[in-house]
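> sequence first, then the predicted structure, then my questions.
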Amino acid sequence: GNSVTQMEGPVTLSEEAFLTINCTYTATGYPSLFWYVQYPGEGLQLLLKATKADDKGSNKGFEATYRKETTSFHLEKGSVQVSDSAVYFCALKSGGYQKVTFGTGTKLQVIP
Amino acid sequence: DAGITQSPRHKVTETGTPVTLRCHQTENHRYMYWYRQDPGHGLRLIHYSYGVKDTDKGEVSDGYSVSRSKTEDFLLTLESATSSQTSVYFCAISDGTSAIEQYFGPGTRLTVT
């Protein structure tokens, strides 16, 4: 079946540091890949997505590239801000089904 | 923002009592989902619906039932709440396009004492 593995948190960074959150997946067919972000006390919201191999999703300075050969979709940002503190979820949707498989989430804390 | 509301937002109930959570959407999306979020588990799918009166089980459906009598409403019922069902519950919607994302509601924090 489908599965998503992402790095354990929490991740603590200083403001303006470089961020990488690793995500690898196992899926049948050709999945679409997503990063969602959850701010404290809120629901998840889509951060970025990629629908085919070598696509790069980007939003708000965050980027992730769909790497089919390594089955990865790592999230990166060049310079994090305190306002980026949140929980980040990697997810995939595969085949004709409308169900999404989520990773366990990585908590990011950015300190001034 | 997608129009999704959940009610109640917070609830404390006793073991053995029935509980119903409501999800309401104004987007006319076909698919609706109930997830629970627990530390160390991320989001796990409880049930989902692919149309009025059409529902199916997710990976953690035991102890839960759902109903969808109208496009806009998706109800999650705990017939007899247990402490293991203490969690944050999220509703999500999707229009069904293969690459489109799901939109999430604000969540309901349920505590079973």
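Structure's in. What do you need? Fair warning: this is a prediction, and the values are worked out from it, not measured in the lab. Numbering: from 1, shown residues only, chains lettered A, B, ... in the order given.
> and chain A, which residues reach chain B?
Counting by C-beta under 8 Å from any C-beta of the partner chain, chain A comes close to chain B at A:32, A:34, A:36, A:42-46, A:49, A:51, A:89, A:93, A:96, A:98-100, A:102-105. C-beta coordinates here come from the backbone N, C-alpha and C atoms, glycine included.
> quick one, which of the residues you listed are buried?
Listed as buried from these are A:32, A:34, A:36, A:43-44, A:46, A:49, A:51, A:89, A:93, A:98-100, A:102-105; burial here means 16 or more other C-beta atoms under 10 Å in any protein chain shown.
> inside strands: which ones of the residues you listed?
A:Ser32, A:Phe34, A:Tyr36, A:Leu44, A:Leu46, A:Lys49, A:Phe89, A:Lys93, A:Val100, A:Phe102 (DSSP state E).
> of those residues, which is the nearest to B:Arg68?
The closest of these to B:Arg68 turns out to be A:Val100 (C-beta to C-beta; 18.6 Å).
> tell me the bridge partners for the closest one.
Note on A:Val100: beta-bridge partners by DSSP bridges are A:Lys93.
> tell me the contacts of it?
A:Phe34, A:Ala91, A:Leu92, A:Lys93, B:Leu45, B:Gln102 (C-beta atoms under 8 Å, 6 or more residues apart in numbering or on different chains).
> one more time with 10 Å, if that's ok
A:2, A:4, A:31-32, A:34, A:36, A:89, A:91-94, B:33, B:35, B:43, B:45, B:48, B:92, B:94, B:101-102 (C-beta atoms under 10 Å, 6 or more residues apart in numbering or on different chains).
> separation between it and B:Lys11?
26 Å (C-beta to C-beta, to the nearest Å).
> ok, now B:Asp73?
18 Å.
> try B:Tyr103
Counting by C-beta to C-beta - B:Tyr103 and B:Lys11 are separated by 23 Å.
> of the two, who's got more company?
B:Tyr103 (21 against 16; other C-beta atoms under 10 Å in any protein chain shown).
> pretty sure B:Pro54 contacts B:Thr71?
Actually, residue B:54 is Asp. It isn't Pro. No: using C-beta atoms under 10 Å, B:Asp54 is not in contact with B:Thr71; the gap is 11.1 Å.
> between the two, which is the more surrounded one?
Applying other C-beta under 10 Å to B:Asp54 and B:Thr71 shows that B:Thr71 carries more neighbours, namely 15 against 11.
> hmm, back to that, farthest pair within the ones in strands among the buried ones among the residues of chain A next to chain B?
The farthest-apart pair in these, when distances are taken by C-beta to C-beta, is A:Ser32 and A:Leu44, at 15.7 Å.
> what's the mean pLDDT across stretch B:81-90?
Average pLDDT, stretch B:81-90: 97.
> so which other helices or strands are in contact with the longest strand seen in chain B?
Counting by DSSP E, the longest strand found in chain B is strand B:42-51. Applying 3 or more C-beta pairs under 10 Å, 6 or more residues apart in numbering or on different chains; DSSP states H and E, we find strand B:42-51 packed against strand A:86-93, strand A:100-102, strand B:31-38, strand B:54-57, strand B:64-70, strand B:73-78, strand B:87-94.
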